[in-house]
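>>> Show me how the following folds:
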Amino acid sequence: MKVVVFGASGKLGRTLALSLLTAGHEVTAFGRDAVKLPARPGISVIVGDALNPDEVAPAVTGQDAVVVSLGDSLNPIAARLGARRNTPANICEIGTANVIASMSVASVNRLVCISSYGVGDTRDALSPAYRIWFQILQLKEQLADKGRQEALVKASGLDWTLIQPVGLTDGAATGRWLASLRGERRKRTISRVDLSAFILETLVGGRHLRESVVLSGLTIAESQFPTKVD
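Numbering: from 1, shown residues only. Alright, predicted model coming up:
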């Protein structure tokens, strides 16, 4: 399978690109920061800006699937301390709009988009602790951008899957997660490698077409029960 990953200079995008390569797929890594893109034999690297449709279109052409892993690269704590924004506030909305337009022109139909728990259908499912934490970090702007992104994906007419992971970590692979179509979650975190493994399963298996999936980690005890929700 030929897959392009937008946002491949971010932690999740890099992890996903490497996971796809390891699984034997042809990978194109698209991102703005050449230094952070995964330079490995077998990965085609494109340095580009998702906000520029002329740079997005060539990356989409000829692909079997597209994964959008765009997001605000500014650490929210750093932002609270006055750090300057280096990513546009509407990166998810505009970048995804450009990807969708390019996919329509190139007749590429399979799209997996990484959103966030607490956006769209799961906004009202946030616990009081989550709401306080989001308020402390002033994530309202980022979540609003993700919300607009989700609306674009759902209206695209493509074979889309929206994934709403909980907090992402650099932890090791566990192979344990809850994939819920009803907004349920277990642990407050999941590792990027487990999220990448789920994305691989979704792409290869052709699963969760036009569905939104909340993905959260499981403890060892929880994993002994049939908790994966299809």
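
>>> For this protein, which segments count as strands?
Secondary structure of the chain (DSSP state E): strands at 2-6, 26-31, 43-47, 65-68, 110-114, 159-165, 167-169, 177-180, 189-191, 211-217.

>>> in its sheet, what does the fifth one sit against?
Strand 110-114 has the following strand partners under DSSP bridges: strand 65-68 (parallel), strand 159-165 (parallel).

>>> same question, the last one
According to DSSP bridges, strand 211-217 has the following sheet partners: strand 159-165 (parallel), strand 177-180 (antiparallel).

>>> Looking only at the last one, what residues are buried by neighbour count?
What that stands for is strand 177-180. The neighbour-count check on strand 177-180 (16 or more other C-beta atoms under 10 Å) flags W177, L178, A179, S180 as buried. Using the backbone N, CA and C atoms, a C-beta is placed for each residue, glycine as well.

>>> As TSV, the residues you listed with distance to F198 and pLDDT would be great.
As requested, these are arranged in TSV below (distance: C-beta to C-beta, whole Å; pLDDT from 0 to 100):
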residue	distance to F198	pLDDT
W177	6	96
L178	10	95
A179	6	96
S180	12	94
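
>>> Now do stretch 151-163: everything it contacts.
Residues outside stretch 151-163 that contact it (C-beta atoms under 8 Å, 6 or more residues apart in numbering): 93, 96-97, 100, 103-104, 109-115, 120, 150, 195, 198-199, 202, 207-213, 215.

>>> hmm, back to that, now tabulate the strands of the chain in JSON lines and tack on distance to Q142.
Shown next, in JSON lines, are the strands of the chain (distance: least, C-beta to C-beta, whole Å):
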{"stretch": "strand 2-6", "distance to Q142": "17"}
{"stretch": "strand 26-31", "distance to Q142": "18"}
{"stretch": "strand 43-47", "distance to Q142": "24"}
{"stretch": "strand 65-68", "distance to Q142": "15"}
{"stretch": "strand 110-114", "distance to Q142": "13"}
{"stretch": "strand 159-165", "distance to Q142": "14"}
{"stretch": "strand 167-169", "distance to Q142": "13"}
{"stretch": "strand 177-180", "distance to Q142": "22"}
{"stretch": "strand 189-191", "distance to Q142": "18"}
{"stretch": "strand 211-217", "distance to Q142": "18"}
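
>>> can you tell me how far G42 sits from D33?
Taking C-beta to C-beta, to the nearest Å as the measure, G42 falls 20 Å from D33.

>>> what do you get for V166?
26 Å.

>>> okay, the two: which has more neighbours?
Neighbour totals were compared for V166 and D33, and V166 leads with 23 against 12 (other C-beta atoms under 10 Å).
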